[in-house]
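Peer 1: have a look at this prediction, sequence included:
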Amino acid sequence: MAIRLETRPSMLRRCRGWDYRQSCIYMITLVLADRRSQALGRLVMPGASAPGTEQAAPGTEQAALGAEQAAPGTEQAALCSVLGAGAPSISLSPAGEAVMREWRDIGAHHPALKPLYMQVMPDHVHFILQVLRPLDKPLGIAIGGFKTGSSKAAIGGPGLWAEGFQDTILFHEGQLDAMFRYLRDNPRRLAIKRLCPELFKVRRNLKLPLQAQDRPLGGLGLPPQAQNRAACSVPGAEAPGYGFFSAIGNHFLLDSPNKLQVQCSRSLFGYKRIPKPGGGSKIARDADGAPLVAFSSPEFEEKRDALLAAAKHGAVLVSPCISDGEREIARLAYAAGANLVALRNMGFSPLYKPGGKLFDKTADGKLLLLAPAAWPYQTADKPMTRFDACVLNRIAQFLAADGAVEINYKGMKPDDIDRLVREAVANRDGSTLP
């Protein structure tokens, strides 16, 4: 993934240290200046009725046109199995058709650019573009020209598009195929959001109980050797009682009587990491996007197997997703169709939606993403501090209840940790919890 500047909106940020004149493949996103207008088309959902949709007409074409076409087969069958009557599509408006024509002609204006694929959605477009040879000017100049030309073709002048664009640079093998699949799947994901709006609505100030334990924390439901026995436990004498969260997904997962906390020391498991363009490092992945493992211990593997076995039988896993081991267990839980409550160390943007596999987990009602209400959203990745980790681990203990585990907070006093929790889950209006 590209490294982003920290303070600018996503449509204006660029990869730090990357020369945008270089030959590469890019995925570009443009959004309408007025997204509520849905000016580029309408969702067509065969056999279903939802706000902003139409019944499919015979011969309706997919809006995803370009050099690469979505082939019928297993992908279409998967869409039909989810929605029952057929694959959703986008019926283009005259403005959407004008944008598509301009896209097909982009190579005539810029011979060094090869259009690979475009997916038109009602309020935005995604397209994959290849730069065949080094450009004289940065790619943004050509994108600006496309925005000007398509706006004039669609509405007779400027004003169609919002400022800027978002880019993803496809550096590695396997990314291009994954991006094709993601863009082709956009109408299906929009249909699911329209059919199940509550699962994809960011809730602010969701009030949840955070109860202290009347016993030492121990991770009931796991064999003793799989529990995280440590030097100290936090009895929670000053637990908040309840707290406020930003949330998206199925909050009824927390009503389960069988919840288990996921907790894994960094010393037990780790992913392989490689340098990132522009500095820093990132997790190395194979051609299918799966992370590569650097080391794994028998203790981690036993804990992993015990948690996944419990999840297979209906337990809800509650994870702060801090360490690589916790992320690996969450990844395997996604793949196995398990129920998961995942904590985040910052809130959600107004238009946030889960991406990739998280989207399908949310649609299935098997995922809840939670962030403490007092921790706001920010445009860049938020570093995970020691204090963040302590708060998220402590919240996971409260939420997991009888399924919590012991945690060694390494010198931090219980009262200090609970004070940090109380501050993090305070009401967003600034009031503290009683």
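Peer 2: Nice, thanks for sending it over.
Peer 1: any stretches of the chain with poor pLDDT?
Peer 2: Within the chain, the segments meeting pLDDT under 70 span 1-13, 47-86, 173, 211-240, 278, 428-434.
Peer 1: quick one, domains of the protein?
Peer 2: 25-195, 198-424 (automatic domain parsing).
Peer 1: what segments of the stretch 251-400 of the chain are helices?
Peer 2: 298-312, 324-336, 357-363, 386-400 (DSSP state H, counting those that start in this stretch).
Peer 1: tell me which of those helices sits most buried.
Peer 2: Comparing those by mean neighbour count (mean count of other C-beta atoms under 10 Å), helix 386-400 ranks first with a mean of 22. The way it works is simple: take the backbone N, C-alpha and C, and place the C-beta from them, glycine included.
Peer 1: give me the distance between that one and the centre of its chain.
Peer 2: 21 Å (C-alpha atoms, centre = their mean, to the nearest Å).
Peer 1: packing partners of it?
Peer 2: Contacts defined by 3 or more C-beta pairs under 8 Å, 6 or more residues apart in numbering; DSSP states H and E place helix 386-400 against strand 203-210, strand 259-261, strand 316-319, strand 339-343, strand 367-372, helix 414-424.
Peer 1: output those in CSV; the columns should cover distance to residue 94 and mean neighbour count.
Peer 2: Formatted as CSV, the helices and strands packed on helix 386-400 follow (distance: least, C-beta to C-beta, whole Å; neighbours: other C-beta atoms under 10 Å):
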stretch, distance to residue 94, mean neighbour count
strand 203-210, 37, 15
strand 259-261, 52, 25
strand 316-319, 48, 26
strand 339-343, 42, 24
strand 367-372, 38, 25
helix 414-424, 49, 18
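Peer 1: need these in CSV (columns: distance to residue 248).
Peer 2: Formatted as CSV, those follow (distance: least, C-beta to C-beta, whole Å):
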stretch, distance to residue 248
strand 203-210, 7
strand 259-261, 19
strand 316-319, 16
strand 339-343, 10
strand 367-372, 5
helix 414-424, 18
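Peer 1: which of the ones you listed sits closest to residue 26?
Peer 2: Among those, the nearest to residue 26 by C-beta to C-beta is strand 367-372 (28.2 Å).
Peer 1: dump the closest one to CSV, keeping only the CA atoms.
Peer 2: The C-alpha trace of strand 367-372 is given here as CSV (Å, rounded to 0.1, in the frame of the first residue of the first chain):
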residue,chain,number,x,y,z
LEU,A,367,-18.5,-8.8,12.4
LEU,A,368,-18.6,-5.9,14.8
LEU,A,369,-15.9,-3.1,14.6
LEU,A,370,-15.6,-1.0,17.7
ALA,A,371,-13.6,2.1,18.5
PRO,A,372,-13.8,4.1,21.8
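Peer 1: quick one: it to chain centroid distance?
Peer 2: 12 Å.
Peer 1: how about the nearest residue to residue 23 once chain neighbours are set aside, phi and psi?
Peer 2: Closest residue to residue 23 apart from its sequence neighbours, by C-beta to C-beta, 6 or more residues apart in numbering: residue 131 at 5.0 Å. In terms of degrees, to the nearest 10, the main-chain angles of residue 131 are phi -90, psi 110.
Peer 1: for beta bridges, what are the partners of residue 131?
Peer 2: Note on residue 131: beta-bridge partners by DSSP bridges are residue 113.
Peer 1: I'd like to know how many residues surround it.
Peer 2: 19 (other C-beta atoms under 10 Å).
Peer 1: hang on, isn't it packed against residue 24?
Peer 2: Yes. Between residue 131 and residue 24 there is a contact at 5.6 Å, judged by C-beta atoms under 8 Å.
Peer 1: if we look at stretch 270-282, which residues are touching it?
Peer 2: By C-beta atoms under 8 Å, 6 or more residues apart in numbering, the list of residues contacting stretch 270-282 from outside reads 1-3, 15-18, 169, 171, 283-284, 291-296, 324-325, 327-328.
Peer 1: PyMOL command to pick out the buried ones of those?
Peer 2: Buried residues among those (16 or more other C-beta atoms under 10 Å), as a PyMOL selection:
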select buried, resi 2+3+15+18+169+291+296+324+325+327+328
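Peer 1: so which of the contacts of stretch 270-282 sit within strands?
Peer 2: Using DSSP state E, 169, 283, 293, 294, 295, 296 are the members of the contacts of stretch 270-282 that sit in strands.
Peer 1: ok, the closest residue to residue 344 other than its chain neighbours - contacts?
Peer 2: Of all residues beyond its chain neighbours, the one nearest residue 344 is residue 371 (4.3 Å), with distances taken as C-beta to C-beta, 6+ apart. Contacts for residue 371 were tallied using C-beta under 8 Å, 6+ apart; they are 245, 246, 247, 343, 344, 345, 346, 347, 348.
Peer 1: which one of those is nearest residue 120?
Peer 2: residue 348 (25.9 Å).
Peer 1: distance of the residue found closest to that closest one once you drop the neighbours it is linked to in the chain from residue 175?
Peer 2: Excluding the flanking residues, the one nearest residue 348 by C-beta to C-beta, 6+ apart is residue 202, at 4.7 Å. Noted for residue 202: a distance of 28 Å to residue 175, by C-beta to C-beta, to the nearest Å.
Peer 1: so what's residue 391 up against?
Peer 2: Per C-beta under 8 Å, 6+ apart, neighbours of residue 391: 372, 417, 420, 421, 424.
Peer 1: so what's residue 317 bridging to?
Peer 2: Going by DSSP bridges, residue 317 forms beta bridges with residue 260, residue 340.
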